[in-house]
Each structure stands twice: as structure tokens, then as C-alpha cells.
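**Student:** Show me the folded form of this:
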Amino acid sequence: MTLREKYQHLRARTEAICQGLEAEDFVVQPIGDVSPPKWHLGHTTWFFETFVLLPHAPGYAVFNAQYNYVFNSYYETVGARVVRTDRGNLSRPTVADVRRYRAYVDDAMGVFLTTEQAFSSALRELLILGLNHEEQHQELLITDIKYILGHNPLLPMYPTHYDKPAVPDVAAGQWVSVPEGVYEIGATGQEDFCFDNELGRHKVYLPAYQLQRELVSNAEYLAFIEAGGYADFRYWHAAGWEWVKAQGIQAPLYWHQLAGQWHYYTPEGLAPLSLGQPVCHLSYYEAWAYAQWRGLRLLTEAEWEVAAPLLNWGSRWEWTESAYLPYPGFTKAESAIGEYNGKFMVDQLVLRGASEATTPGHSRPTYRNFFQAPARWQFTGLRLARYN
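**Tutor:** Numbering: from 1, shown residues only. This is a model prediction of the structure:
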């Protein structure tokens, strides 16, 4: 598949994710972590315009110079921007304006990509980064749309027109063993693509350990709730216990109790909780507390990567015990692209795997996702481990 074909397929999938939304849905921002769908559409378009077309396509005329302020996310090198928490206050540009912007840039990119044979290796790498960047925003779109509609008191249904993978039920828990040893983790740089935070490959020592082949299920997590897990401080970090009390947390996000039965918010609206499905939308605090209740623990990211070939993974992002920090020898790229990952390596925890919201083919065993401990609007779950 050529870069042009990949680009066109990618952009069509983003549109498919938003298909079926009402105009009002495109502007809502219930919390700071959630960006309005309209902003995602504009930002991913801005990325290609700013980093590809303007510096590399001779004669390209910017669509609207003010959009750099509106759709820049966090790139200090590129200039000032709308504060993240204010993205939902932007009634203009309208959804129609953003779609015109998207079509304008897509037309220009279509022409530009016909010259692919003349691209330098650096330009090709930049374009592939841009494609992976939009795939990240496709996942954010799915999670943000769910949060926007899942916090509407009507709990509306919403169609999913994109290629959404099925999530199999969790099989009976089976433990697998990894022997003590020195292992290598991280990307080599020879892969088709990896983010800079996956580089460079390095050795780690791991004591012998065991981990469950499957993720924790809704049924298993429900037992923690019914045992009073959210009311017993003994299972929680101090920060987690304060979070539970301050937020009144009693169950995972999107769980609702109706007539004594637990339900879960889905694209089809509220549905009875499927006990066999892997538990989802947990914070790190909840994942850690559950592991404590079971007398077990979470994995480190090195343990997860080494064991990945033995596991059933990909339906939930999995919290690890690892702080999000640079690997040995990590260096940031020059210019604005260097702001992509490195400056976020503080106060966050690593998640491994992928989820049903992840664009197919986007993840890999070396992929390092990361969020703050209270975050749970992503499709996050957990896997248990123990030392031999």
C-alpha cells in the first residue's frame, strides 16, 4: 500500500468514527482530559498542514492562519494555543468549517503524496509518524465520544461505523511462568515504526515470576466490590483512598446499578454487565487495590513485554507498576517533533498492550502508553502477577 493509499484509508476511518454524531456532540468537553470531536478532526488536519505541507510542499497556501492557535495541542515550538480545558468553548470554527479545512488539506496531501518516490527517508519517517499520530487520535476520539455520551443523562445509543474488533470473554485464569534471567526490552529502531519513547533496546534483570494469561474479568472484579473493596482503606494507596472518598467512587466508570443489577454503558446504551468480559475503565488506583485484595500484584512494564508472547492481550490497556521514564540513551528529536513524548515523562504510569478502541495494527509489544493514576476514561484493565 502506498503512503497515499494509507493516508486516504486513515482519514476515511477517522470520519467513520464520527459518523452518526449529531452536530452538538462535536463541541462538548465534559472534563479536561476529553477533547471535543471537532477539535480532534481539526488538530489531526493541522498536524499534516503544519509539519508536512508548509515546509515540504512548494506553493502550499495555509487554509486559515488563525487555525494554528486553535488546533495546536502542546507544541511550544509552533507557538501559542488555546488552553486545553477551553477547547469545548470554541463554537467557531464550526463543524462545517473544520470539515472544509479537512477536505482542503486532504486534497493538498493527495497531490503531494503522488511524488512519494522523491521523498527523503526523513520525510517518509515524518509522514509515517503523522499517520500513527492520527491513529492515536482515532483511539482518543472513540474514548472521548464514549465519555461525552456516557455522561449525558439520556445515555444515548451511538452507532459504530468503524472496524471495531470483538472482545472475547475471559477464559478461566491460567498462570504462566517466566524464569529468572537477563532479558532485552525496547525497540531496536529497525522496525517499520516505533515512537521515540520505545527506543533504545536495553537489558533488564528479572527475578522469576508468574502472571495470568488472561485479564481480570468483570465477574472477578465484581467480587471485589461485593466484598466491600471500595470501603476498606487497607487495599488502597493513600492517594487512591483520598480519590475514592473525594470522588465517591464505588465501581468502575460506566457501571450503573439498576434494580439491584449492574449494567454497563455501551454503544447500544445501557446493557446488563457481561460477567465474562475483561473489566474496563479502571484507574491505576483501582487496579492496584484489586491486586492487593487478591494478595497479588501488577506487572512491571519489563515483565509485561518479556511475557507478551505468552499472553492473550489487546482488548484492554493494562496498568503496570512502572513509572513513565526514559529508557537508557533516550534522546529527543530536534524541532517541534521532539516534544512528542519526552516532556511527558513525569508523574505518569505506563500501560501496555492495546484495547478495542486501538486502531488495528497500531500497537506492538514495545508500545508504551501512559496516563496519570486517576485516569480511567480510556479502555483500561489489569492483569495479575506474583513472584515464584
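**Student:** ok, which stretches of the stretch 51-200 of the chain are strands?
**Tutor:** 175-178, 181-185 (DSSP state E, counting those that start in this stretch).
**Student:** Stretch 212-229: how far from the chain's middle?
**Tutor:** 23 Å (CA atoms, centre = their mean, to the nearest Å).
**Student:** what about it, how long is it end to end?
**Tutor:** One end of stretch 212-229 sits 21 Å from the other (CA to CA, to the nearest Å).
**Student:** So what's the model's average confidence on it?
**Tutor:** Taken as a whole, stretch 212-229 carries a mean pLDDT of 98.
**Student:** can you check stretch 168-178 too?
**Tutor:** The model assigns stretch 168-178 a mean pLDDT of 92.
**Student:** Go through that stretch and flag the buried ones.
**Tutor:** By neighbour count with 16 or more other CB atoms under 10 Å, stretch 168-178 contains the buried residues 170, 178. Heads up, the C-betas are built off the backbone N, CA and C, glycines and all.
**Student:** Outside of it itself, list whatever touches it.
**Tutor:** 206, 208-217, 274, 276-278, 303, 306-307, 310-312, 315, 388 (CB atoms under 8 Å, 6 or more residues apart in numbering).
**Student:** Tell me which of those residues fall in strands.
**Tutor:** The members of those that map onto strands under DSSP state E are 206, 209, 210, 211, 212.
**Student:** which one of these has the most neighbours?
**Tutor:** Among the ones in strands among the contacts of stretch 168-178, residue 211 has the most neighbours (other CB atoms under 10 Å), with 23 neighbours.
**Student:** hang on, isn't that one packed against residue 303?
**Tutor:** Yes. With contact defined as CB atoms under 8 Å, residue 211 reaches residue 303; the gap is 7.0 Å.
**Student:** just the CA coordinates of stretch 154-171, formatted as CSV?
**Tutor:** C-alpha atoms of stretch 154-171 as CSV (Å, rounded to 0.1, in the frame of the first residue of the first chain):
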residue,chain,number,x,y,z
LEU,A,154,-30.0,10.2,28.5
LEU,A,155,-27.2,7.7,28.0
PRO,A,156,-27.9,7.6,24.2
MET,A,157,-27.0,4.9,21.8
TYR,A,158,-24.4,5.7,19.2
PRO,A,159,-23.5,3.8,16.0
THR,A,160,-20.0,2.4,15.5
HIS,A,161,-19.3,2.5,11.8
TYR,A,162,-15.5,1.8,12.1
ASP,A,163,-13.8,-1.6,12.2
LYS,A,164,-14.4,-2.4,15.9
PRO,A,165,-12.8,-5.7,17.0
ALA,A,166,-14.8,-8.1,19.0
VAL,A,167,-13.8,-8.6,22.6
PRO,A,168,-13.8,-12.3,23.6
ASP,A,169,-14.8,-13.3,27.1
VAL,A,170,-12.0,-14.0,29.6
ALA,A,171,-11.2,-17.7,29.8
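**Student:** Pull out the buried residues from it.
**Tutor:** 158, 162, 167, 170.
**Student:** got it, and stretch 93-113?
**Tutor:** Residues of stretch 93-113 classed as buried under the neighbour-count rule (16+ other CB under 10 Å) are 93, 95, 98-99, 101-102, 104-106, 108-109, 112-113.
**Student:** Where do the helices of the stretch 51-200 of the chain begin and end?
**Tutor:** Using DSSP state H, counting those that start in this stretch, the helices found in the stretch 51-200 of the chain span residues 54-56, 67-71, 95-112, 121-150.
**Student:** Show me the one of these that comes nearest residue 10.
**Tutor:** helix 121-150 (5.5 Å; CB to CB).
**Student:** What helices and strands are in contact with that closest one?
**Tutor:** Contacts defined by 3 or more CB pairs under 8 Å, 6 or more residues apart in numbering; DSSP states H and E place helix 121-150 against helix 3-18, helix 37-48.
**Student:** check contacts around residue 3.
**Tutor:** Here residue 3 is in contact with 113, 116, 119, 124, 127, 128 (CB under 8 Å, 6+ apart).
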